[in-house]
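1. what shape does this take:
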Amino acid sequence: MMQGRQVQPAAAADVRRPARVPVPPPRPFLCTVGASVKETLFPDDPFRAVAREPAGGRRAMAVLRYLFPSLGWLPSYSFADLRSDVVSGLAVASLAVPQGVSYARLAGLDPVVGLYSSFVPALVYAALGSSRELAAGTPAVVALLFTSMMSAAVSPTLEPQLYGSLVFTATFFAGAFQAALGVLRLGFLVDFLSQAAIVGFMAGAATVVCMQQLKGFLGLPQFTRSTDLPAVMASVFSQTADWHWQPFLLGAGLFLLLQITKYIRKKRPKFFWISAGAPLVVVIFSTVLVYLINGEKHSIQTIGTVKKGINPPSVQRLILSSPHTWLAAKTGILTGIISLAEGSAAARSFAMAKNYHVDGNKEMIAFGAMNMVGSCTSCYVTAGTFARSVVNRDAGCRTAASNAVMAVVALITLLFLTPLFQHTPQVALSAIIAFAMLGIVNLRAVARLWRVDKVDFFVCLGTYLGVVFGSIAVGLLVGAGVLILRVLLSVARPRTTVLGRIPDSTVYRRMDQYTMAQRTPGVLVLRIDAPVYFANASYLRERITRWIDGEEDRIKAAGGEESLRCVVLDMGAVGCIDSSGTKMVEDLKNSLDKRGLQIALANPGSEIMRKLDISKVLQFIGDQWIFLTVAEACDYAHSNCKIQTELQSVASPDEMV
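-> Below you'll find the predicted structure:
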């Protein structure tokens, strides 16, 4: 008889063990929290320019330049810069004056308030703004928000004083909210309103605003205060007896003229000034025409008397303790968010095109200061608008001083030119508003959303339909709700994928994407593409178990393959883990032990290693099963699988052959 072969224990030592993944040294709790807060609130290191200056006067000047960006360009300001800024400021003013009057009417305010809002806020932004191209002004959507949210409680026609006070109060709240976001470095919260939601919201608001301009085009004496499309169309068709062809003909002609100038600008970008000055030309032409033909006798309604003079103080008109205060606060916060989204997006896009940096939080402080000061000087919510900023850029502005030039033109208009608006037809303002709103509808962006991400497209569509058939608030809630649900689903249901080795390399990639990727016999490699939190720990444990069951079923069906011995988790995309996540790893280890499977971790980050070590899960798994790369984990696991197979196939020492 011959004694059966015995596998020597030293055989396991023939497997080369890769370098051990180190556990990072412990860090004090306050240092960890401080680093997290700094990365969250100060990712751009905004005080770098101040810190590198020597202590004393130079550092004090650096602080002042940080607080007042205008001090950065004033010392080197040249005559060439002044000339460019004057030209661009005049170009923007030619658009700002008629738009200011038009949007004030849209907001249910006296037209002169629109001119006020182009004066004081523009001066504030010239001192505090960090964008060179951004032009201060009131977005049309903000004007619509005021009408839709506050006119239901206070009528702008029956109670104009109370309505105006509510608008100024809402403007104050908007400014305080914006400034608070900037000071607390919370600007990232605005990013939760995605580009898809903004595109849908702006398109919906533009549709509603254009429909509301039928009042001016048809010369209707009364109109609904609701903003939803069914109510607007019901108001239009219930007054068919009051339709007038004269204002419609004039408005259609003016609208066509504006469209022609826009077409010329697209074909000949150098003639941008034609489109920029077109609204002012429309106002002047229609005013002269209505005056000459005595338009009121032909059912063409005019603006009427517009007060002269600079902004009167409105501090005493702020309503901070009344039944309407909450309405003003809610309206202010909502308009503040919308104006921030548009202004910040415009500032970033222009800065990227010119290769310079704009501090989003400083812009918020500038917008907040504009609106808080504006609320005390008879202005309503202002921000940076795309239309004026594009004109400002095309006119060749060099600095934010172009806003000061626009403010001077607005001042001259307030002091001397307001009587000329007496005969301006309201349909001219309607044509200007409708023309501006059509420019807001970005069909190319909608088409891109459909091509790139269908979910984003339906977010855009839902927001649009919510605004058009519900209200501004409903549209925003729909868009924000779908986006929040999408974020929560991505956290609660993270993606896990099977990885395979690319032939003749040590690279592992997704097998559903790379068809040439090959499995490692006896090893299942899974990648987790998200942080492991309490919200997804249970799901991940169940999903990994289902992957294992599926792999074992595949091996049985294939036949002849090595049985599954090890599960490798690629942790490279796991940015962080909490206590529930570490407990999930521990439970998964226990579950795999009962099934005779080994678990291995590949490429865990420092935070993962630290928390696994503190929770004793690292010792439970075993240091030898923590690897730097997936390739090392698979090679080591496969080699151990072979040894285990040999051990199981060899007879025990007591067995004789």
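2. out of the helices and strands in this protein, which is least certain?
-> Lowest by mean pLDDT, DSSP states H and E among the helices and strands of the chain is helix 48-51, with a mean of 69.
3. buried stuff in the next helix or strand after that one?
-> Per DSSP states H and E, the first helix or strand lying C-terminal to helix 48-51 is helix 57-67. For helix 57-67, a neighbour-count test (16 or more other C-beta atoms under 10 Å) marks 62, 65, 66 as buried. Every residue, glycine included, has its C-beta placed from N, CA and C.
4. do stretch 447-456 as well
-> Residues 448, 449, 456 are the ones in stretch 447-456 that count as buried (16+ other C-beta under 10 Å).
5. likewise for stretch 421-435?
-> Residues 421, 423-435 are the ones in stretch 421-435 that count as buried (16+ other C-beta under 10 Å).
6. got it, and stretch 204-222?
-> 204-220.
7. from those residues, which land in helices?
-> Mapping those onto helices (DSSP state H) picks out 204-212, 214-218.
8. how about the residues you listed in JSON lines, adding distance to residue 589 and pLDDT?
-> Below are these laid out as JSON lines (distance: C-beta to C-beta, whole Å; pLDDT from 0 to 100):
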{"residue": "204", "distance to residue 589": "52", "pLDDT": "86"}
{"residue": "205", "distance to residue 589": "54", "pLDDT": "82"}
{"residue": "206", "distance to residue 589": "57", "pLDDT": "83"}
{"residue": "207", "distance to residue 589": "57", "pLDDT": "87"}
{"residue": "208", "distance to residue 589": "58", "pLDDT": "84"}
{"residue": "209", "distance to residue 589": "60", "pLDDT": "82"}
{"residue": "210", "distance to residue 589": "62", "pLDDT": "84"}
{"residue": "211", "distance to residue 589": "62", "pLDDT": "85"}
{"residue": "212", "distance to residue 589": "64", "pLDDT": "81"}
{"residue": "214", "distance to residue 589": "69", "pLDDT": "85"}
{"residue": "215", "distance to residue 589": "70", "pLDDT": "83"}
{"residue": "216", "distance to residue 589": "72", "pLDDT": "83"}
{"residue": "217", "distance to residue 589": "72", "pLDDT": "87"}
{"residue": "218", "distance to residue 589": "74", "pLDDT": "86"}
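9. closest to residue 569 among the residues you listed?
-> Distance to residue 569 across those (C-beta to C-beta) is lowest for residue 204, with 44.9 Å.
10. find the nearest non-adjacent residue to that closest one, please.
-> Leaving aside its chain neighbours, residue 204 sits nearest to residue 467 (2.9 Å; criterion: C-beta to C-beta, 6 or more residues apart in numbering).
11. what's the next secondary structure element after the helix or strand encompassing the one you found?
-> Using DSSP H and E, the element containing residue 467 is helix 454-469. Note on helix 454-469: by DSSP H and E, the next helix or strand toward the C-terminus is helix 472-492.
12. what residues does that next one touch?
-> 144-145, 148-149, 192-194, 196-197, 200-201, 204-205, 227, 334, 455, 458-460, 462-468, 470, 530-531, 533, 535-536, 539 (C-beta atoms under 8 Å, 6 or more residues apart in numbering).
13. now, of the residues you listed, which are buried?
-> Here, 16+ other C-beta under 10 Å leaves 144-145, 148-149, 193-194, 196-197, 200-201, 204-205, 227, 334, 459-460, 462-468, 470, 530-531, 533, 535-536 buried among the contacts of helix 472-492.
14. what about the stretch 1-150 of the chain, any weak spots by pLDDT?
-> Residue ranges of the stretch 1-150 of the chain with pLDDT under 70: 1-19, 40-46, 49-51.
15. at 50 what do you get?
-> Applying pLDDT under 50 to the stretch 1-150 of the chain flags the ranges 1-14.
16. roughly how far apart are residue 610 and residue 275?
-> Per C-beta to C-beta, to the nearest Å, residue 610 is found 59 Å from residue 275.
17. and stretch 208-223, end to end?
-> For stretch 208-223, the first-to-last residue distance is 13 Å (C-alpha to C-alpha, to the nearest Å).
18. what does that stretch rub up against?
-> So stretch 208-223 is contacted by 106, 140-141, 144, 227-229, 232-233, 235-236, 239, 242-244, 246-248, 251-252, 299-301, 426-427, 429-431, 433-434, 437-438, 467-468 (C-beta under 8 Å, 6+ apart).
19. again, but for stretch 395-410
-> Taking C-beta under 8 Å, 6+ apart as the rule, stretch 395-410 contacts 69-70, 73, 77, 80-82, 84-93, 96-97, 100, 115, 118-120, 122-123, 125-126, 129-136, 272-273, 276, 392.
20. at 7 Å what do you get?
-> The contact list for stretch 395-410 (C-beta atoms under 7 Å, 6 or more residues apart in numbering) reads 70, 73, 81, 84-93, 96-97, 115, 118-119, 122-123, 125-126, 129, 131-133, 135-136, 392.
21. same deal with stretch 428-446?
-> Stretch 428-446 is contacted by residues 98-99, 101-102, 105-106, 140, 199, 202-203, 206, 209-210, 213, 216-217, 251, 254-255, 258-259, 279, 282-283, 286, 387, 460 when judged by C-beta under 7 Å, 6+ apart.
22. average model confidence for that stretch?
-> For stretch 428-446, mean pLDDT is 84.
23. can you give the distance of that stretch from its chain's centre?
-> 21 Å (C-alpha atoms, centre = their mean, to the nearest Å).
24. in helices only, show me the contacts of stretch 208-223.
-> Short answer: these in helices (DSSP H) are 106, 140-141, 144, 229, 232-233, 235-236, 246-248, 251-252, 426-427, 429-431, 433-434, 437-438, 467-468.
25. show me what the helix or strand hosting residue 91 is packed against.
-> Assessed by DSSP H and E, residue 91 sits inside helix 79-106. Here helix 79-106 touches helix 111-116, helix 140-150, helix 272-293, helix 386-394, helix 401-412, helix 426-440, going by 3 or more C-beta pairs under 7 Å, 6 or more residues apart in numbering; DSSP states H and E.
26. list the buried residues for that helix?
-> For helix 79-106, using 16+ other C-beta under 10 Å, the buried residues are 81, 84-106.
27. check which helices and strands the longest helix along the chain sits against.
-> What stands out as the longest helix in the chain, according to DSSP H, is helix 325-354. In terms of contacts (3+ C-beta pairs under 7 Å, 6+ apart), helix 325-354 is packed against helix 140-150, helix 160-183, helix 360-375, strand 383-384, helix 386-394.
28. so which of those is nearest residue 553?
-> Here helix 360-375 is closest among the helices and strands packed on helix 325-354 (C-beta to C-beta), at 51.5 Å.
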